[in-house]
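Chemist: need the 3D shape of this:
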Amino acid sequence: MTSRTDRVLTTHTGSLPRPPELAELMVARETGVADEEALTRLPQMVREATRLVLQRQGETGIDVGSDGEQGKIGYATYVKERMSGFDGEAGALSLADLEDYPEITAQALDGLVTATPSCTGPVRYTGVEDLAQEMKELRAAVDAAGDAAPAEVVVTAASPGVIAIYLADQYYGSHEAYLGALADAMRTEYEAIVAAGFVLQIDCPDLAMGRHAQYADATIAEFRRAIAGHVEALNAATAGIAPDRMRMHLCWGNYESPHHRDVDLADIVDVVMTGRPRGVLMEAANPRHAHEWRVFEDFTLPEDKILVPGVIDTCTNYVEHPELVAERIVRYADTVGVERVIAGTDCGFSTFASFLPVHPRIAWTKLASLTEGARLATDALRSRGRVRAAGVGG
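Modeler: Numbering: from 1, shown residues only. Below is the predicted model:
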C-alpha cells in the first residue's frame, strides 16, 4: 500500500461490472432458481471473467486493481456463503434518506438482488478451503494476464460492522457480542488474503452509511461511540496484519438518492483514522461529499496514513472530464501532500452482481478518465515542483 513521489497512482474501490450471463446466473443461484447444470459452469465463468477484468484494468492504466469481485453476489452479503450461523429470516435494510423520499426507492435500488438471512446460531468461518481455492485461482489469473494486469492487486472483504448491517443478529443478543464474533470469524479471511500475497481492502460502510442505516435516531456523540467499537473490532481482527498490507473503504452508500441524512466527514474522521489499515478510501466526488477535502485543512492526516479520495462518482452516467479529475487530485495533493494521495473512485461499479447504477461501458470510460486525469495532475504538480523525477515514497 504505497504511493509514489514521481506520479499520481490510480486505483478503484473493487467491484467492476460482471459479464451479463455471469451476473444472471449468480442472481439465479441467489434466488434458488438456477439450473443445476448451469451452476456447474459457474466456477469457470468466474475464472474467465476475473482474467478478463484484470487484463482490462491494466489496459486502462489502473495501477492498483482487483479481481472486480466477479465471484461475489454482493460486497458484504457474500459472507453468508463462507460462515455458519446464517439461517434466519431475511432482515430489512432501512435507509433513512430513502424513507424520507420513498417515491424514489425503487429507482435508487433498481436491480439489487441479494439474500440477507439473519444470524440464528454461532458464527464460524467454514469457507477456508473455498477461500484458498479462490486465492489460488486469482494468482493464476494475475499470472495469466502478465504485464497486462495491474501492478498491484487488492482483494476486498467485508468489515464486521457492515456484515452486521445486512445480516441481522437473532442469536447473540447484544451488538457488541455479535460484532466480536464476526471479527473473530473474519480474521481467518483477512489473514488468508494477505498470506496469498494480495493487499487486503476492508469495506467499512458501517462507519459512515451506518449513521442513516442503523443509527438515524442517535446523536452524533452516540454514533461516534458506536463506530469506535466497530473500529476496535476491526483492529482486533487485523492485529496480525501489517498496516501497509491493508486499506479500508469509507462509504455513505453507493446508490443514487438525496443522501441528505449522510453524516459529515468532519464528525467521524478522527474515529475512522484510528483504524489500523494504512490506506483510507473515501467518497469525494459526488455532490454530497465533494466539498469535504476542506476537512483536511483542519484535520491533520496521521503520518502513517495514505488517502485515496474518490475523484470519480460511481452513481451517475456522467463521465468526469479529465481536467476535473486532475483538479480534484491536485486539491488533495496540495492539502495532504502528493506522496500521500492515490486517485480512486467513490465506490464500486457493481457492488452487487445485478446492481449497476452506472452502465458497464460507461464505467470503463470513467476509469479511463481517471487515469488520464491522474496523468494531467502529475504534469501540473511536476510543473510546480511538487512531483519528483523518480522514487517511491509514502
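Chemist: return the distance of stretch 212-232 from the chain's centre.
Modeler: Mean-position distance between stretch 212-232 and its chain equals 20 Å (C-alpha atoms, centre = their mean, to the nearest Å).
Chemist: next: stretch 181-199.
Modeler: 16 Å.
Chemist: now do that stretch, average pLDDT.
Modeler: Mean pLDDT, stretch 181-199: 98.
Chemist: just stretch 248-260 next, same as before
Modeler: Here stretch 248-260 scores 97 as its mean pLDDT.
Chemist: span of that stretch from start to end?
Modeler: End-to-end span of stretch 248-260 (C-alpha to C-alpha, to the nearest Å): 24 Å.
Chemist: in it, what counts as buried?
Modeler: 248, 249, 250, 251, 252, 253, 254, 255, 256, 257, 259 (16 or more other C-beta atoms under 10 Å). (Each C-beta comes from the backbone N, C-alpha and C, glycine too.)
Chemist: of those, which belong to strands?
Modeler: Using DSSP state E, the subset of the buried residues of stretch 248-260 located in strands is 248, 249, 250.
Chemist: I'd like those residues written out as JSON lines, with distance to residue 313 added.
Modeler: JSON lines is the format used below for these (distance: C-beta to C-beta, whole Å):
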{"residue": "248", "distance to residue 313": "20"}
{"residue": "249", "distance to residue 313": "15"}
{"residue": "250", "distance to residue 313": "15"}
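Chemist: wait, which of those residues is closest to residue 322?
Modeler: residue 249 (23.7 Å; C-beta to C-beta).
Chemist: what does the strand or helix carrying residue 98 rub up against?
Modeler: According to DSSP states H and E, residue 98 maps onto helix 96-100. Outside helix 96-100, the residues that touch it by C-beta atoms under 8 Å, 6 or more residues apart in numbering are 104-105, 108-109, 212-213, 216, 257-262.
Chemist: repeat the analysis, applying 6 Å as the threshold.
Modeler: 105, 212, 216, 257, 258, 259, 260, 261 (C-beta atoms under 6 Å, 6 or more residues apart in numbering).
Chemist: give me phi/psi at the first one?
Modeler: So the one you mean is residue 105. Backbone torsions of residue 105, given as degrees, to the nearest 10, read phi -60, psi -50.
Chemist: assumed residue 262 was part of a helix.
Modeler: No - judged by DSSP: H, G, I helix; E, B strand; the rest coil, residue 262 forms no part of a helix; its state is coil.
Chemist: show me the contacts for the closest residue in space to it that isn't next to it in sequence.
Modeler: Nearest residue to residue 262 in three dimensions, chain neighbours excluded: residue 252, at 4.6 Å (C-beta to C-beta, 6 or more residues apart in numbering). Counting by C-beta under 6 Å, 6+ apart, residue 252 touches 208, 209, 262, 283.
Chemist: follow-up on the earlier one: flag every buried residue along the helix holding residue 98.
Modeler: 96, 97, 98.
Chemist: mind checking the end-to-end distance for stretch 301-312?
Modeler: 22 Å.
Chemist: if I look at the residue nearest to residue 262, how far off is residue 70?
Modeler: According to C-beta to C-beta, to the nearest Å, residue 252 stands 25 Å off from residue 70.
Chemist: now swap in residue 156 and tell me
Modeler: When residue 156 is compared with residue 70 (using C-beta to C-beta), they lie 11 Å apart.
Chemist: and residue 111, by the same measure?
Modeler: In terms of C-beta to C-beta, residue 111 sits 17 Å off from residue 70.
Chemist: same thing with residue 192?
Modeler: Taking C-beta to C-beta as the measure, residue 192 falls 18 Å from residue 70.
Chemist: same drill for the two, tell me which one is more crowded.
Modeler: Ranked by neighbour count (other C-beta atoms under 10 Å), residue 192 and residue 70 place residue 70 first, with 28 against 20.
Chemist: excluding its backbone neighbours, what's nearest the more buried one?
Modeler: Spatial nearest neighbour of residue 70, chain neighbours left out: residue 49 (4.3 Å); criterion: C-beta to C-beta, 6+ apart.
Chemist: helix, strand or coil for the nearest residue to residue 170 once chain neighbours are set aside?
Modeler: Sequence neighbours aside, residue 118 is the residue nearest to residue 170 in space, at 4.6 Å (criterion: C-beta to C-beta, 6+ apart). Secondary structure, three-state DSSP: residue 118 is strand.
Chemist: got a list of what residue 118 touches?
Modeler: Contacts of residue 118 by C-beta under 6 Å, 6+ apart are 88, 89, 91, 168, 170.
Chemist: can you do 8 Å?
Modeler: 86, 88, 89, 90, 91, 167, 168, 169, 170.
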